[in-house]
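>>> one predicted model, sequence on top.
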Number of protein chains: 4
Amino acid sequence: MKIKTGDDYRQSLKALGTEVYVLGEKVDDVTTNPFTRPHVNCAALLYDLTGDPGLGDLLTAKSHLTGKKISRFTHIHQSTDDLVAKVKMMRAMGRKTGSCFQRCVGHDGLNTLYSVTYEIDGELGTEYHQRLRNYLEHVQEENIMIAGAMTDAKGDRSLRPSKQTDPDMFVRVTGRRADGVIVRGCKMHITGAVNSHDVLVMPTTGMGEEEKDFAVSFSIPANTSGVVMVFGRQTNDARRAENGTLDLGNAAYGPVGGEAAIFFEDVFVPWERVFLCGEHRFSGSFVDRFATAHRQNYGGCKAGICDVMIGAAALVAEYQGTDGASHVRDKVTEMIHLAETLHSCSLACSYEGAPTPSGAYVADRLLANVVKMNTTRFVYEVARLVHDVAGGFIATTPSERDMNHPKLGKFIDKYFKSKNGFPAEHRIRIGRLIECMTGGTTLTESMHGAGSPQAQRLMILRRGNIEEKKRFARELAGIPEPGES
Amino acid sequence: MKIKTGDDYRQSLKALGTEVYVLGEKVDDVTTNPFTRPHVNCAALLYDLTGDPGLGDLLTAKSHLTGKKISRFTHIHQSTDDLVAKVKMMRAMGRKTGSCFQRCVGHDGLNTLYSVTYEIDGELGTEYHQRLRNYLEHVQEENIMIAGAMTDAKGDRSLRPSKQTDPDMFVRVTGRRADGVIVRGCKMHITGAVNSHDVLVMPTTGMGEEEKDFAVSFSIPANTSGVVMVFGRQTNDARRAENGTLDLGNAAYGPVGGEAAIFFEDVFVPWERVFLCGEHRFSGSFVDRFATAHRQNYGGCKAGICDVMIGAAALVAEYQGTDGASHVRDKVTEMIHLAETLHSCSLACSYEGAPTPSGAYVADRLLANVVKMNTTRFVYEVARLVHDVAGGFIATTPSERDMNHPKLGKFIDKYFKSKNGFPAEHRIRIGRLIECMTGGTTLTESMHGAGSPQAQRLMILRRGNIEEKKRFARELAGIPEPGES
Amino acid sequence: MKIKTGDDYRQSLKALGTEVYVLGEKVDDVTTNPFTRPHVNCAALLYDLTGDPGLGDLLTAKSHLTGKKISRFTHIHQSTDDLVAKVKMMRAMGRKTGSCFQRCVGHDGLNTLYSVTYEIDGELGTEYHQRLRNYLEHVQEENIMIAGAMTDAKGDRSLRPSKQTDPDMFVRVTGRRADGVIVRGCKMHITGAVNSHDVLVMPTTGMGEEEKDFAVSFSIPANTSGVVMVFGRQTNDARRAENGTLDLGNAAYGPVGGEAAIFFEDVFVPWERVFLCGEHRFSGSFVDRFATAHRQNYGGCKAGICDVMIGAAALVAEYQGTDGASHVRDKVTEMIHLAETLHSCSLACSYEGAPTPSGAYVADRLLANVVKMNTTRFVYEVARLVHDVAGGFIATTPSERDMNHPKLGKFIDKYFKSKNGFPAEHRIRIGRLIECMTGGTTLTESMHGAGSPQAQRLMILRRGNIEEKKRFARELAGIPEPGES
Amino acid sequence: MKIKTGDDYRQSLKALGTEVYVLGEKVDDVTTNPFTRPHVNCAALLYDLTGDPGLGDLLTAKSHLTGKKISRFTHIHQSTDDLVAKVKMMRAMGRKTGSCFQRCVGHDGLNTLYSVTYEIDGELGTEYHQRLRNYLEHVQEENIMIAGAMTDAKGDRSLRPSKQTDPDMFVRVTGRRADGVIVRGCKMHITGAVNSHDVLVMPTTGMGEEEKDFAVSFSIPANTSGVVMVFGRQTNDARRAENGTLDLGNAAYGPVGGEAAIFFEDVFVPWERVFLCGEHRFSGSFVDRFATAHRQNYGGCKAGICDVMIGAAALVAEYQGTDGASHVRDKVTEMIHLAETLHSCSLACSYEGAPTPSGAYVADRLLANVVKMNTTRFVYEVARLVHDVAGGFIATTPSERDMNHPKLGKFIDKYFKSKNGFPAEHRIRIGRLIECMTGGTTLTESMHGAGSPQAQRLMILRRGNIEEKKRFARELAGIPEPGES
């Protein structure tokens, strides 16, 4: 692992110089720009904690390629234990950051490519899998952070890629050369993009015969010519320009992972980094495999984030003297129940994982979708409950500058204090943390990250084995099987 | 009505010059300060629409004191029709503003004082009610906007007012003079405070014998010496400092009513504006009466706000080509169902209202609490559903400045467009509106405005007539009444 | 009102002698048969209570035809007050019976026919409305109980009436004579059918040109030749054959209204009782009008039934010594909240009712669907909560015969007693009442009575005025109306 | 395994002759009595399937005592794989029976005693564990079915065992002899009691010093003198006396496990079957250990039962021609989602299990409570959804006797048929199965089996590690730990 520490990581980003825009201006240095900095910090913490003894083996693994110790975020799962370790690592990091640490997308992308390229090669005699292994060795050796990029612009959702008025609504190959391909399009909502070293592109949906040019997967350095990123707005992002920290709630790591739109303006990709190019029949496998891997995560990190919200609820109740109230205890209980249900689903889909032909393990496909479906409800409910417990002050408290104002500061200290022994500032800090963690961006991420709920529902129905269930019912009701009498 | 138009109103605020702070700085003019301006706009719209023929009699009423046409926000309800008209007016205005228009708190405060002072005088021979009528005539004549101020700082919630370490945790009388009283303390979360003409203070809980000094109600001009207001932070408030408008979502009126903490630093109140002073037994009546009046509202304005969110969901689906999808139609149906359930509860508690001894009408007490209790759930669920329908772009879209950037603007136009005929900008505008209307501040207001949910639950249990219900059960089960055989 | 008392009613049923089957046997006398008796009792109670001073004017009204005092169940609503009175009457009776009193279906049918026949005649010059008025006068004079019959057998739900393999899947005219028509088919799930005097048939869906024969409405005596009824099974119905009463829970009135399938085997209907015959365009109006009237009710009777369940929960907690537990109090609060939300929706749709061209009032169409939609959720949740509060004994308690057994009776008295002063029998009686009121039949009635939830959702979406809501959103987001710039 | 087949089992029960009462009459033979027969059938099926190759090793295990192949229901868990196998076995059997197969309670009791007696002996030098091992060897060898009996009569729930007016409200030792003890009291809601060979008694709550006599655990043959059982009523139990089968829905196995109250009338228990006698400090361990083991199960069997309900919903939709409707597909999806969430929680708590000092494995305590808590909600919701999909006919369909009636049978065949190719009888059979599986008894079992929901909530809060969660929140909010600065 060449990039070992957070500082190594920051230096590497400075050197990379990806073309990133925030609020209409080009960013000089994503590690210091106030809008991107918290997300850099969050990923940097992962680097710093990789060798942390308190986390045991959660953040590292042994490479099946080289036998070396590597970051788990570059590891191909070799067992259900690896799948479980991923989920537990994510909960642990969710608790430490209260945010999104961004490396899981690339990790899930690598695992997706590993098994799918194996299957393509097996069927078509291509050499994608060997290319991927070479690339993977490089990634593990360097300890590179990869932004997984799947979601396209999509245009009119009622039309297929090939039927869009503007053919660029899905990333596509616009030219082929001896040494590589030219691609154009846009990938949306890409977590960690502005502070990743590489961008790994995958198709966003199954493709048909007439959509060969959209069946493309590749990975390139983020600073490749023609790659332009514009950073998305988040809830309360503009407070980062105020130079304070208290009003940010989670000043160190931000409310959730920073996401960017990545524009590919006729970008060249050398063949050794191309992992799918025209084999349209396999596009669906990318989506299915990646969705499984990524949906598996949500009972990891989000359970950890819920843990922080539960702690915040318990603390604010303590500060306000309501921690003994039965209704507060009941709401805290409910929050724990929901967090543990989320986590249980992630654990179950991991333990029930199975190997692919490549040897890489994937989580149970049905249960991984169940994980994510629950996330789209439970995180909202946990946010609602923490609002309930905290009280209205989380939406009306004066600013850090008011607290520092000579006349106002005294008033705030006096009147925002509650129970003896707990200063107003502590109560306000927890209020701001709650505000940060329950903002619209964070909630939306729980809703649409790893695919919208309807995508999960389709998979749940498809994998729910209805015909078998009908047989159980017929058997008990005394109805013969169709065709019998 | 001396203050007739929005401009009249703005001029009156400029003249008033209340001591208001935002982000640690004293505000010169609340009508132009970017943080307070949207809230002024929202209240100003009410003034402008008062005579609007399209709204019929919703915004006006006939004074029972003078027979003159007055703003409904200064009217004492003379019938259940008045109660219903209030609720329908609020839904209409919620639809026009997508925000909180702030005048209902003072309105409900006036109605509370009208009936409670009548009852105090009837029992104790005081003259509060006549004072209130004099004040009311002035309010109606001037068409004054009043900030109703009930919630105290409260300190340690497990202790009563008289047991707090710092006695100022509840507003109290610190001195009595021939011409009036001196008061100290703080009122929290006061909606519309910074752009109201008067502040009407009421006790926040029932008081005991040893809490006479906390049993105080009065109304004073907002610019009274010693009254200091600090404006609370809201979700995405800092974007108002950016000079753009698009990223605000609801640039005209803001996400919700602006709320302030009001500090009373030994403020003098003349007797003619004092409506309770020491008669502690009646403190609970203020709370009960005001809570009923204010909780009644939430199926008015919030139903209107839900209507806007439903429209936004339907629009964004249309733009994206998903408006025909059955799951989208089902979610929109659910949103309508929830909004109409909210509104039905407000209508029911209004139609079932009854007169107080003073002649003023109040909503049904049990049902008004039911209204508010539903609000603490349904508005969150509507927000969740609009997130679901809209998609992840509401949390990752670039800024207005990016849209205006020569290079990025083209990309955004191209890739954020979806269905033919709908430009990217329209889709983004709806996305920002959704972001604005589902932010934490807005949701928190639905949770804690007019009292926290546990306050409603206590009232629902208390007014649920359990003993009568037990009799129904015993009768049907064939169990004799206690004492019979 | 010729039939004044419950006894009058019972005598009239004995004289009627409808052809009714229960468990494969023809019933001699529905007033004494143990399976039908409770439902007769429940309807008989309505007759007995009609003049009850404690219920004021709820159960009676003044006929707009004759000016005489009549049963409200035969009244055509002349005002929103009448609509509200219906709902309040139903809650009052739900509390007294804990069951379904069955007369509302016919009542809603009469009101439906009154307004729709007026509109048909107005457009086509037919004379249905005058016929209906003649019939109505007879009904009011006799105080006849009418079974409203709408739901057809339906066959394959994916096919229209005219496309069914068997044309009898919807009631239809099979012959026309000078003096009347011949009809065939089946009406399903008809509440109160076996103990009603007349059966009022209406079409169950909108009909097209090719479905003229299905567009038929009429009312005939239940004992008309060719009318055969078979009584449906209900939860725990077989216990009625055991000769005990305690295990029935609600021995007097049963768990819910008794429902029957009515087979029409080429039945003759004289013209004076035919109210639609071929005017297919108006079929939809029957459904729409009847659905509105009937869905309006569910926050009446079901709120009353919930009141009994709340009382039962409170009683069983008292008997068991858990009535002071905070979680029990919270669950009882939630039950009250749900019951009052249901009732509020019924009140709102009634108060917001409006006159039809005929002068008859109908409830608000959107809100009436909201009422019913909530019923399909809240009654289930109330049942769940009463199970929670009551404890497992409601599902495992020995029988009345065990209680009467010399050896077992002592054990049961000893071990099923809980708190001092409350005998085991009382606790068991409440347990049985809860069992009775939360059985599958009762719940299913809340789900599918007055139409399945999907029917309500379609209406809610259709009447939700989406285009207006889109305008609100566009206005606030700064998007021009389509066609403007 | 001496008892190998269902017939062996039935013969053994005939020979046993436990004193059982149903409906006030002594039962001659539980294997033929119509009320108890289905439950016998269900347990018999387990015996018959023990060697079924299709079920692999789910139903058997290798004894850690003897190395022999034994029924898993007599096995002490030696690994997390065993814990997982238990849960998967239960889902498989839930699918095959649609009911409760009753052997898990005794199984969980054996595992509880195994680990707790080990710990008592370790601390106090008693010899309970060796006794238990001897007993266990006998149980495994014979393949005995054991009824686990924990819940006491409890009397006034607000009082502890020693404070009850009648000391028999909790099973207690009333005499001690050289060869054993005398016990008196009652165990309630005991699943499978009337068709088990042995009854294993455990204390139902933690006991104090003054409650030594209540701290008692033992196992005795069900036919021991002084043991009297009275069988509890279930939803629709009386239909079993009708001689038909169709109306029972699940005629073979019944709606849920049969439960009985067991009265102990000064029963003698020899010392070799006593596993706790006075060591009150360990009473709580029985409860805690047993609750964990038993709550773990509910995402096994109930998920299997949900699978049957899902199949029934899909079938009835197919029969009625609605299986393609989007709302039906969505409801079926939701049912699958809920079933899999339940199952995931059971899997997670099993995989995360850990060994006790005795070597026996127990599931994760926090997550086992989460399993059960979800069951108290999700099974009700699945029942609600299957009602929704099925339609009202499940509550109004005529009886089997009506179907066999010459005149009515034709009508029913004709009018209850829906889609071509599916006879009315099949549709009715599925309707009856749904009625059976969603009756009150079944739902109550999901609510209160393995302890009431409040018991789970207490455990969830206790094991939720709130202090650790507070630290996460403080760390992110920048608040020093208490005691630091």
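Looks like it came in fine.
>>> give me the residues contacting the host helix or strand of A:Val173.
When secondary structure is defined using DSSP states H and E, the element that contains A:Val173 is strand A:172-176. Taking contacts as CB atoms under 8 Å, 6 or more residues apart in numbering or on different chains, the residues outside strand A:172-176 that touch it are A:Pro161, A:Val181, A:Ile182, A:Val183, A:Arg184, A:Gly185, A:Asp213, A:Phe214, A:Val216, A:Asp266, A:Cys277, A:Gly278. Bear in mind the C-beta positions are built from the backbone N, C-alpha and C, glycine included.
>>> tell me the confidence at the first one?
In other words, A:Pro161. On the pLDDT scale, A:Pro161 is placed at 97.
>>> and what of the second one?
Looking at A:Val181, its pLDDT stands at 98.
>>> for the last one, same thing?
According to the predicted model, the pLDDT of A:Gly278 comes to 97.
>>> let me know whether A:Met1 touches A:Thr50 as I believe.
Yes. The pair A:Met1 / A:Thr50 is scored as a contact, 7.3 Å apart, by CB atoms under 8 Å.
>>> now do the strands in chain A.
According to DSSP state E, chain A carries its strands in the segments A:20-22, A:25-26, A:60-62, A:69-71, A:146-149, A:172-176, A:180-191, A:198-201, A:216-221, A:227-231, A:259-270, A:274-277, A:354-355, A:361-362.
>>> closest one to D:Thr376 among those?
Set against D:Thr376 and scored by CB to CB, the strands of chain A come closest in strand A:354-355, at 31.8 Å.
>>> returning to that earlier point: more neighbours: which of A:Met1 and A:Thr50?
Counting neighbours by other CB atoms under 10 Å in any protein chain shown for A:Met1 and for A:Thr50 shows that A:Thr50 has the greater number, 22 against 19.
>>> and the pLDDT for the more buried one?
A:Thr50 is assigned 91 on the pLDDT scale.
>>> could you do A:Ser485 as well?
Looking at A:Ser485, its pLDDT stands at 63.
>>> and if you look at A:Leu55?
Here the pLDDT value assigned to A:Leu55 is 89.
>>> do you know how far it is from D:Lys470?
Applying CB to CB, to the nearest Å, one obtains 20 Å for the distance of A:Leu55 from D:Lys470.
>>> looking at the two, which is more packed in?
Under the neighbour definition other CB under 10 Å, A:Leu55 and D:Lys470 were set side by side, and D:Lys470 has more, 22 against 16.
>>> ok, for that one, nearest residue in space, not its chain neighbours?
A:Gly311 (4.4 Å; CB to CB, 6 or more residues apart in numbering or on different chains).
>>> do the same with A:Phe411
Leaving out its chain neighbours, the residue that sits closest to A:Phe411 by CB to CB, 6+ apart is B:Phe263, at 4.7 Å.
>>> residues in a beta bridge with the one you found, which ones?
Legend: beta-bridge partners of B:Phe263 under DSSP bridges are B:Cys186, B:Val228.
>>> that one contacts B:Cys186, doesn't it?
Yes. Checked against CB under 8 Å, the pair B:Phe263 and B:Cys186 is within contact range at 5.1 Å.
>>> need the residues touching each of those two.
Common contact partners of B:Phe263 and B:Cys186 (CB under 8 Å, 6+ apart): A:Phe411, A:Tyr415.
>>> would you write a PyMOL line that selects the buried entries of the contacts of strand A:172-176?
Applied in PyMOL, the following selects the buried portion of the contacts of strand A:172-176 according to 16 or more other CB atoms under 10 Å in any protein chain shown:
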select buried, chain A and resi 161+181+182+183+184+185+213+214+216+277
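>>> which single one of the contacts of strand A:172-176 is nearest to C:Ala424?
Minimum separation from C:Ala424 among the contacts of strand A:172-176 (CB to CB) is found for A:Pro161, which lies at 71.0 Å.
>>> ok, A:Ser446 - contacts?
With contacts defined as CB under 8 Å, 6+ apart, the neighbours of A:Ser446 are A:Tyr298, A:Lys302, A:Thr375, A:Thr376, A:Val379, A:Tyr380.
>>> in helices only, show me the residues you listed.
Judged by DSSP state H, the subset of these located in helices is A:Tyr298, A:Lys302, A:Thr375, A:Thr376, A:Val379, A:Tyr380.
>>> which of those sits closest to chain B?
Distances from chain B to the ones in helices among the contacts of A:Ser446, taken as CB to the nearest CB, are shortest for A:Tyr380 (4.8 Å).
>>> surely the closest one and B:Leu385 touch.
No. Here A:Tyr380 lies out of contact with B:Leu385, judged by CB under 8 Å, at a distance of 10.0 Å.
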